[in-house]
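In: Quick check, what structure comes out for this input:
(2 chains)
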Amino acid sequence: MKPSDKRVSRRTVIASATLIPISAIQAAPQKAAPQAAATVLTSEQRRILEAFVDRLVPKDENGPGAVECGVAEYIDRSLADFLAPEKGTFLDGLAAVDAFARSSQGQPLADLSPEKRDAVLTAIDNNQVPNLRGFFNRVRRLTLEGMFSDPYYGGNRNFAGWDLIRYPGVRLAVGPEDQRMKSLPAMNHRSAYGGEHGH
Amino acid sequence: MATNLKPVDVAVIGLGAAGGVAVLPLARAGLKIAALEAGAWIPPSEFKPDELHNNIRRQVTSGKKVWNEIPTFRTNPNQPARRNAVPPMMNAVGGTSIHYDGNSWRFSPWDFKARSEAIKRYGPNSIPKGSTLEDWPLSYEELEPYFDTVEYEIGVSGKAGNIQGKIDPRGNRFEGPRRREYPMPPLRDTDFTDHMQAAAKKLGWNPHRGPAAINSRPYGGRTSCAYHGYCDIGGCHIGAKNSTSVTTIPAALKTKNLTIFERASVTRILTDNNGKATGVLYVRDGREYIQPAKVVLLASQTYENVRLLLLSKSKAYPKGLSNNHGQVGKHYIGHWAGRECIALFPFDLNIWYGAFSQNVVINDWADDNFDHSGLGFIGGASLTVNHEVHPIAAASIPGFGRAPSWGSKWKAFVHENAGRWIGAYAQCNTFPYENTYLDLDPEVKDPLGNPVCRITSGPKENEPRASAYAAAKAAEWFRSAGAIEVVTAPNPEGPVLSTHAVGGTRMGDNPETSVVDKWGFSHEAPNLGVLSGSVMGTHGSRNPTETIQALAWRTADHLVKNWKSIAG
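Out: Numbering: from 1, shown residues only, chains lettered A, B, ... in the order given. Here you go, the predicted model:
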């Protein structure tokens, strides 16, 4: 731990916030802790999704990939919760990608080799398949969210996403030494929700 | 049946950046105020360093009103307007001043008289085609005392560039004269801010640290910034960001003259047959209430101000309140702002932490700070680079022609470079146009059955040119700073939804071309005042909040001084 981490603990910074009217403290209840992770995908849908995101961020010499980071878990939980309104569109998209894998490569996406999955996804990314580019971009976007959001949401497992991009982690107090250009602060593997949220 | 409440002196609709400051001079003067706020108090412990929660899902809001009434958008009157996914604002006591990034600027003297200045220097043909540009009915000098008051009441950190005419190159040398220094020095210098300032100075420019409504040292009984890096679109968990919820609103509450009604969604402003405002109708927890008041101050954000006036039809105002001249919704301005120039560096920038307003700003290419002869536009843009980059945003790095957007090569690229790129935030002077206005959407309604606001924003020539010019300047700056890739991507379309939306209830001397007078009171309903950016006639090349707050304070001050004539 760097000295700047010690100097101001979370407790002292919150205690020093004065002039907050008492009604502000009493008004709203604390946001509920994460639900016991409701999900919506069937095991078959989950396999398709994992086969997809595995190629967007593969496991390689730069560390764990999207599957190992829990991206599918993140997306699955989100579809049960914040992204519920887009669940139908999302499931249709997954089915369409799988159908294209079968028609173009002769097998379900999840049964294809990495090279053949890349061929499927490249064709979609290059807009060679009608109406699937938008879904591809959505999955890519949600993959970024699952890789690099707080582990609280089910992705970024063991902070592997933050390690990949060298984001040093949540710090509630940041001193001048933590803002130098020549040296990044140490990777602290801290979540916004206390303790170590890496599963 | 709506329940009638006890009358008050002043009903304030919306307790955000504008209403939140206006209540203080009113309360100090002894006026009894009822503030109707669609949101509620948010306890500081709810503010989290969480990019998904704050920036992506926009969950820092205590009410869903903003989600239920997201304005629709179209680029010409023959199109159906489309819905937008994310609201531009939030609901809470303190409003969007809770999650703004604290950039706290004064508009420049030029903004107040752009039309006459442009004609004087470049001739009448320099006025943008199709624009409805007018000078403001007041000058920077008239507003200066209120800027000063706001800066000291809420607390602003910065470096003056012009104290009573004496120029200090460490500050913004182009700013209007101010009576004294900021109450606090700028937020902390870093290697990054030093580096970007040096790069600009090499070009002969005048970089400086921007002003922030964030404590750089303890101020107002509150602590100083902890630089944790989740300021923008997030609330401050230690009260170091000077939102009205921790500054002017608590001070007004102390007088016992302010009563706050949380979760109160105002649906109509009520008027009598003579055209005077008599109070407001609001919905709270599913029940309707009428709050009678001698004076009504409308202080929600631009879109909602316009919507509420248009919804408040009556015998005296068949086309909407204060709209007998058809000016409500006209002269709307979506702020032309964005990061149209990005750069990749061969070294780590370490801008993960800090505050969004811990920045370096260039004003050399803003306003009329340079000669525009032959350029084909007036105005310009300020350029800002800043701290506070979050992980998902950083990992959304474009490939700069060096990497694909997925797969192992992308992964290697993002590993090296997610912390090595930035964009320059260019904020343009933006003007009102005939083809750009607000009205009520004929199809999309909120859950109470009231139409949402509809934006119509047609093509423009002046702003895209100014913006492209600024992007080219940003590219020069980045090269001077050692960038290895620089990409400019002009956005000729301009803004869709804008948290910096202004205009729509323009301030002016002429009721044929404006809605409120130079004091912010309606030309038609004498005891209705309008606060917020909706009264502005132009948008400056910088964030609008402090100018909104200075105007709000001035309107409240005018009301106090003229209580008898206005309240009748």
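In: The nearest residue to residue B:126 once chain neighbours are set aside: helix or strand, and which one exactly?
Out: Distances taken as C-beta to C-beta, 6 or more residues apart in numbering or on different chains put residue B:118 closest to residue B:126, at 4.8 Å, once the chain neighbours are dropped. The way it works is simple: take the backbone N, C-alpha and C, and place the C-beta from them, glycine included. Secondary structure from DSSP states H and E places residue B:118 in helix B:114-122.
In: which parts of that helix are buried?
Out: The neighbour-count check on helix B:114-122 (16 or more other C-beta atoms under 10 Å in any protein chain shown) flags B:114, B:115, B:117, B:118, B:122 as buried.
In: Is the last one in contact with residue B:379, as I believe?
Out: No: under the criterion of C-beta atoms under 8 Å, residue B:122 is not in contact with residue B:379, lying 11.3 Å apart.
In: list residues touching both of the two?
Out: With C-beta atoms under 8 Å, 6 or more residues apart in numbering or on different chains applied, the contact sets of residue B:122 and residue B:379 do not overlap.
In: first vs last residue of stretch B:200-210, how far apart are they?
Out: 15 Å (C-alpha to C-alpha, to the nearest Å).
In: no, scratch that, I was asking about stretch B:269-280
Out: Stretch B:269-280 end-to-end distance (C-alpha to C-alpha) = 4 Å.
In: Tell me where the chain has helices.
Out: Assuming you mean chain A. A:3-7, A:10-15, A:22-26, A:43-56, A:66-69, A:71-79, A:87-105, A:114-125, A:133-148, A:160-165 (DSSP state H).
In: Chain B was what I was after
Out: With DSSP H as the criterion, chain B has helices spanning B:19-28, B:51, B:65-68, B:114-122, B:140-150, B:191-202, B:248-254, B:302-311, B:391-395, B:408-417, B:462-480, B:545-561, B:563-567.
In: what about residue B:422, distance to chain A?
Out: According to C-beta to the nearest C-beta, to the nearest Å, residue B:422 stands 12 Å off from chain A.
In: and if you look at residue B:235?
Out: On the measure of C-beta to the nearest C-beta, residue B:235 and chain A end up 11 Å apart.
In: Likewise for residue B:25?
Out: From residue B:25 to chain A the distance is 19 Å (C-beta to the nearest C-beta).
In: mind listing what the closest residue to that residue other than its chain neighbours touches?
Out: Closest residue in space to residue B:25, ignoring its immediate chain neighbours: residue B:556 at 4.5 Å, by C-beta to C-beta, 6+ apart. With contact set as C-beta under 8 Å, 6+ apart, residue B:556 has these partners: B:21, B:22, B:23, B:24, B:25, B:26, B:297.
In: For the fifth one, report the pLDDT, please.
Out: In this model, residue B:25 is scored at 98, pLDDT.
In: does it really touch residue B:554, like I thought?
Out: No: using C-beta under 8 Å as the test, residue B:25 is too far from residue B:554 to be in contact (9.3 Å).
In: then the lowest-mean-pLDDT helix or strand in chain B to PDB, C-alphas only?
Out: The weakest-scoring helix or strand in chain B, judged by mean pLDDT, DSSP states H and E, is helix B:65-68 (a mean of 92). Below are the C-alpha coordinates for helix B:65-68, written out as PDB (Å, rounded to 0.1, in the frame of the first residue of the first chain):
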ATOM      1  CA  LYS B  65     -39.000  11.800 -14.100                       C
ATOM      2  CA  VAL B  66     -36.000  12.500 -16.400                       C
ATOM      3  CA  TRP B  67     -36.300   8.900 -17.800                       C
ATOM      4  CA  ASN B  68     -40.000   9.300 -18.500                       C
END
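In: Need the contact partners of it.
Out: Taking C-beta under 8 Å, 6+ apart as the rule, helix B:65-68 contacts B:38, B:39, B:61, B:87, B:88, B:89, B:90, B:91, B:265, B:446, B:447.
In: ok, 6 Å please
Out: B:38, B:87, B:89, B:90, B:91, B:265, B:446, B:447 (C-beta atoms under 6 Å, 6 or more residues apart in numbering or on different chains).
In: go on, stretch B:508-515?
Out: B:137, B:322, B:325, B:327, B:328, B:505, B:506, B:523.
In: Run the chain-centre distance for that stretch.
Out: 22 Å (C-alpha atoms, centre = their mean, to the nearest Å).
In: buried ones in that stretch?
Out: B:508, B:511, B:513, B:514, B:515.
In: Chain A: which of those residues is nearest?
Out: Using C-beta to the nearest C-beta, residue B:515 is the member of the buried residues of stretch B:508-515 that lies nearest chain A, at 34.0 Å.
In: separation between the nearest residue to that closest one once chain neighbours are set aside and chain A?
Out: Among residues not flanking residue B:515 along the chain, residue B:505 sits closest, at 4.1 Å (C-beta to C-beta, 6+ apart). Computed as C-beta to the nearest C-beta, the residue B:505 to chain A distance reads 31 Å.
In: Could you check the pLDDT of residue B:505?
Out: Each residue has a pLDDT score; the one for residue B:505 is 98.
In: One more: residue B:309?
Out: At residue B:309, pLDDT is 98.
In: do the same with residue A:198
Out: Per-residue confidence (pLDDT) for residue A:198: 45.
In: cool, and residue A:4?
Out: pLDDT, residue A:4: 37.
In: same question, residue B:13
Out: 98.
In: list the contacts for it?
Out: Contacts of residue B:13 (C-beta under 6 Å, 6+ apart): B:36, B:266, B:298, B:299, B:300.
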